[in-house]
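> Mind folding the following:
(one chain, ligands or ions: 2)
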Amino acid sequence: MPLVARYGTMRENSWLEEHRGGNVLDMVVENCLFCKIAAGVIPSKIVYQDQDVVAFEDINPQAPQHVLFIPRRHIASMANMTIEDGPVLAAIFMTAAKVARDLGIGESGYRFVANVGPDSGQSVFHLHFHLLGGRPMGWPPFPKK
Ligand code: 5GP
Ligand code: ZN
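Ligands and ions are numbered 1, 2, ... in the order given. Okay, here's the model as predicted:
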């Protein structure tokens with residue numbers, strides 16, 4: 001069954017239509033939530049996207065500003081990265097710094113973090129970084145005993 005049929009009609013996403021034609025679904029790893037968000041199959045509030053990077057608002061924000069940054073191409077986790085992933089990683093970090101400035105938290109500051117594995121609470125296994133800001137944050141980021 002073609003992916004388009006399996007996932008139903010793609011939500012309107014003018015950037016994807018303009019830049020990738022009908023091929024975006026080729027990049028979707030089956031059952032990966034963030035691949036589907038990147039492909040526009042699952043709706044999200046996209047903040048920024050280009051051929052390599054997608055940024056969208058977290059559905060359950062933990063700060064006044066909470067944006068997730070992902071590589072468009074599926075990488076399961078930081079633990080699965082290779083040296084070839086270097087350029088997309090640099091693009092993600094530079095994009096996040098620009099989005100932070102655009103959101104007005106470039107000067108006040110922000111946190112940019114990846115959860116990796118069970119102790120961190122990672123719940124989605126497509127590499128992503130959380131941009132959190134808009135309020136003061138504690139450190140370290142776990143409850144005191
Ligand atoms: P993790 O816990 O893996 O570091 O982060 C996963 C994040 O994805 C969580 O902060 C969660 O709120 C967010 N999330 C889960 N499902 C969705 C969704 O369908 N849409 C959006 N925008 N964010 C999601
Ligand atoms: Zn994925």
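
> Go ahead and list the helix or strand containing residue 70.
strand 65-71 (DSSP states H and E).

> What is the next helix or strand after that strand packed up against?
Scanning forward in sequence from strand 65-71 by DSSP H and E, the next helix or strand is helix 86-102. Helices and strands touching helix 86-102, by 3 or more CB pairs under 8 Å, 6 or more residues apart in numbering; DSSP states H and E, are strand 46-49, strand 53-57, strand 65-71, strand 110-113, strand 129-133. From N, CA and C alone the C-beta is placed, and that goes for glycine too.

> same thing but 7 Å
strand 46-49, strand 53-57, strand 65-71, strand 129-133 (3 or more CB pairs under 7 Å, 6 or more residues apart in numbering; DSSP states H and E).

> And the contacts of the strand holding residue 70?
With contact meaning CB atoms under 7 Å, 6 or more residues apart in numbering, strand 65-71 is reached by 34, 38, 47, 52-58, 88, 92, 95-96, 99, 103, 105, 126-134.

> quick one: that strand to chain centroid distance?
4 Å (CA atoms, centre = their mean, to the nearest Å).

> now it against strand 53-57, angle please.
Calculated by axes from the mean of the first three to the mean of the last three CA atoms, to 10 degrees, strand 65-71 forms an angle of 150 degrees with strand 53-57.

> Name the strands paired with strand 65-71 and say parallel or antiparallel.
strand 53-57 (antiparallel), strand 129-133 (antiparallel) (DSSP bridges).

> What angle do helix 86-102 and the first one make with each other?
In terms of direction (the same axes, to 10 degrees), strand 53-57 departs from helix 86-102 by 40 degrees.

> Would you mind extracting the C-alpha trace of strand 53-57 into PDB?
The C-alpha trace of strand 53-57 is given here as PDB (Å, rounded to 0.1, in the frame of the first residue of the first chain):
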ATOM      1  CA  VAL A  53      15.300  20.900   9.900                       C
ATOM      2  CA  VAL A  54      11.800  21.200  11.300                       C
ATOM      3  CA  ALA A  55      10.800  23.200  14.400                       C
ATOM      4  CA  PHE A  56       7.400  23.000  15.900                       C
ATOM      5  CA  GLU A  57       5.600  23.900  19.200                       C
END
